[in-house]
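Q: fold the following, please.
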Amino acid sequence: MFEYKSFKENIASGSFDNAKALLKEAEIDTESFNALANASMFLSLLFRYPDDEVYDTLEGNWSIFTDFFTDYTETAPSLYDQTEMQSDFIKLFKQDFKGSKVVPYISYYTEEKKTLYGESTFKIREWMAAEGFALQEDVPELEDNVYIVLEFLSAIFARLANPENIEQWYATLQNLYRLIDTYGKVITDEFAEQVAKRAEMPFYAHCGVLLKNFVSDIDGIMEEVLASAG
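A: Sure, this is the predicted structure:
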């Protein structure tokens, strides 16, 4: 029987040889990791400003992710008018003059004075650098913006699906656990929970529920994937 808890503890502590002994000669489940990468990127798109490129990508792939929505939220919302979606995004995340906007930066929830560009920003930046993940020069955002963290999560799963070598696979798995164990609850219980409560914006409220439930499920998915491999 695969001892997932011990395996994860060994990965977290960097005891990769002990982790290998538990997983033995298992084959990497490329299909499952690619599916997780695609789901994470889809979520990343949902939480970024819906300009033409983002909106067209969502529209072109919406039907593909219907089951993703129904698996985690029971129903799948419809993608609505782009202009209205842009207006709602700005009100929700940027310029809510009623003072009830949802801040999309992890550091806001982890820093004592709710300041941006805190310790979480530097930790996430460090993990991104270790995985060769870098923001494009034209992206004027901090690394701990939730949509960027989700894109990074997608990149991690993609590397787990197609590692350069087995040592890199274990190092990438360690960064996955670092990210989820350190900031998963911030994403689910702070950010996503606030978005999910915005009943006046049902589309984004639905997306908040999807994000909360998916990120909460990642550890369980990993146990299932690795247990079937081991």
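
Q: and the gap between the residue nearest to the spatial centre of the chain and Lys113?
A: What sits nearest the mean C-alpha location of the chain, by C-alpha atoms, centre = their mean, is Leu150, with 3.2 Å. From Leu150 across to Lys113, the span is 25 Å (C-beta to C-beta, to the nearest Å). Backbone N, C-alpha and C define where each C-beta goes, glycine included.

Q: OK, contacts around Pro202?
A: Shown in contact with Pro202 (C-beta atoms under 8 Å, 6 or more residues apart in numbering): Pro77.

Q: what's the answer for Leu79, then?
A: So Leu79 contacts Leu58, Glu59, Trp62, Met85 (C-beta under 8 Å, 6+ apart).

Q: which among these count as buried?
A: Neighbour-count burial (16 or more other C-beta atoms under 10 Å) applied to the contacts of Leu79 gives Leu58, Met85.

Q: low pLDDT regions in the protein?
A: Scanning the chain with the threshold set as pLDDT under 70 gives 25-26, 96-100, 138-139, 229-230.

Q: what segments of it are helices?
A: Using DSSP state H, the helices of the chain run over residues 4-13, 16-23, 30-46, 52-61, 66-73, 82-89, 106-110, 119-130, 146-161, 166-185, 193-196, 202-229.

Q: for the last one, which positions count as buried?
A: By neighbour count, with 16+ other C-beta under 10 Å as the criterion, the buried positions of helix 202-229 are 203-212, 214-216, 218-219, 222, 225-226.

Q: chain neighbours aside, what residue packs nearest to the residue nearest to the centre of the chain?
A: Distances taken as C-beta to C-beta, 6 or more residues apart in numbering put Ser44 closest to Leu150, at 3.8 Å, once the chain neighbours are dropped.

Q: same thing with Phe42?
A: Nearest one to Phe42, counting by C-beta to C-beta, 6+ apart, is Phe65 at 5.3 Å.

Q: what is the burial count for that neighbour?
A: 19 (other C-beta atoms under 10 Å).

Q: enumerate every residue touching it.
A: Residues near Phe65 by C-beta under 8 Å, 6+ apart: Ala39, Phe42, Ala76.

Q: and the second one, how far is that from Lys113?
A: Phe42 sits 34 Å away from Lys113, going by C-beta to C-beta.

Q: cool, the last one as well?
A: The span separating Ala76 from Lys113 equals 39 Å under the rule C-beta to C-beta.

Q: of those two, who's got more company?
A: Ala76 (17 against 6).

Q: for Phe65, see how far away the more buried one is.
A: Distance from Ala76 to Phe65, by C-beta to C-beta: 8 Å.

Q: same question for Glu111.
A: 33 Å.

Q: burial measure for Leu23, as a count.
A: 19.

Q: so it touches Lys8, yeah?
A: No - in this structure, Leu23 is not within contact of Lys8 by C-beta atoms under 8 Å, at 11.0 Å.

Q: hmm, Leu43 and the residue nearest to the centre of the chain touching each other?
A: Yes - with contacts counted by C-beta under 8 Å, Leu150 reaches Leu43, the gap being 4.9 Å.
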